[in-house]
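>>> Dropping the sequence and predicted coords here.
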Amino acid sequence: MDLISRISHHFTESAHLKLQALDLLAAPIADAAERLVQCLMADGKILACGNGGSAADAQHFSAEMLNRFEMERPGLAAIALSTDSSTITSIANDYDFDQIFSKQIRALGHSGDLLLAISTSGNSRNVIQAVNAAHDRGMNVIALTGRGGGQMAEILMPGDIHLCAPGDRTAHTQEIHITAIHCLCDAVDCLLLGVE
Ligand SMILES: O=C(CO)[C@@H](O)[C@H](O)[C@H](O)[C@H](O)COP(=O)(O)O
Ligand SMILES: [Zn+2]
């Protein structure tokens, strides 16, 4: 096995897909950033969820909102729903793993809040239930998906924003997702701080 050529292939493919994503996603990422700022300025909050690497992305996003990204500014209201092991294990144990995010959204979500729903396949049942719960609570959704968006693409509503990464490998989709998340954090800072 030639590891160097595998590594080279991974970097090259990731770079190609990121450039495709730039063409596809620049405008909707800018729209999503505007929506995040409108939500925060109206005293709303952002709830974020996903599984595995996407749980890490949800936490990465909430940390950059609550603390800071690159510019000095007050902390912003965001909660990763993948972090509270007591809540998650009790919901999964007493009800169903599919409800670990939706039950938290029904408790915490208010009209005008936003859900950042992250799934590379678009088919994770707990993320789909999270989208349904957000809609029930009068929240819009910013969906980060891949592979066409799967079942999530079918349940998004007008007012939601779908950021669907090109490519069919979970790893590359995640690599695009974290770039999109950093673009969102940067744009939120620029919009809030009036940076040209
Ligand atoms: O990070 C990775 C793979 O790169 C994995 O942990 C991956 O996130 C997990 O298999 C997730 O359960 C996949 O869920 P989803 O992206 O399809 O919603
Ligand atoms: Zn991963």
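Looks like it arrived, so ask away. Ligands and ions are numbered 1, 2, ... in the order given.

>>> my read is His162 is in a helix, agree?
No. Applying DSSP: H, G, I helix; E, B strand; the rest coil, one finds His162 to be strand, outside a helix.

>>> helix/strand/coil for the residue lying closest to it once chain neighbours are set aside?
Closest residue to His162 apart from its sequence neighbours, by CB to CB, 6 or more residues apart in numbering: Ala143 at 4.9 Å. All C-beta spots, glycine's among them, are computed from the backbone N, C-alpha and C. Three-state call for Ala143 (three-state DSSP): strand.

>>> same deal with Pro158?
coil.

>>> Tell me the spacing between it and His135.
Going from Pro158 to His135 by CB to CB, to the nearest Å gives 11 Å.

>>> Comparing those two, which residue is more hemmed in?
His135 (19 against 5; other CB atoms under 10 Å).

>>> which stretch of helix or strand covers the more buried one?
Element membership for His135, per DSSP states H and E: helix 125-136.

>>> What helices and strands are in contact with that helix?
Here helix 125-136 touches strand 46-49, helix 102-108, strand 114-118, strand 140-146, helix 150-155, going by 3 or more CB pairs under 8 Å, 6 or more residues apart in numbering; DSSP states H and E.

>>> Give the other helices and strands that the lengthiest helix in the chain contacts.
What stands out as the longest helix in the chain, according to DSSP state H, is helix 3-41. Under the contact definition 3+ CB pairs under 8 Å, 6+ apart, helix 3-41 sits against strand 46-49, strand 114-118, strand 140-146, strand 161-165, helix 170-193.

>>> Dump those into CSV; add distance to Ile91 as well.
Converted to CSV, the helices and strands packed on helix 3-41 look like this (distance: least, CB to CB, whole Å):
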stretch, distance to Ile91
strand 46-49, 12
strand 114-118, 17
strand 140-146, 20
strand 161-165, 27
helix 170-193, 25
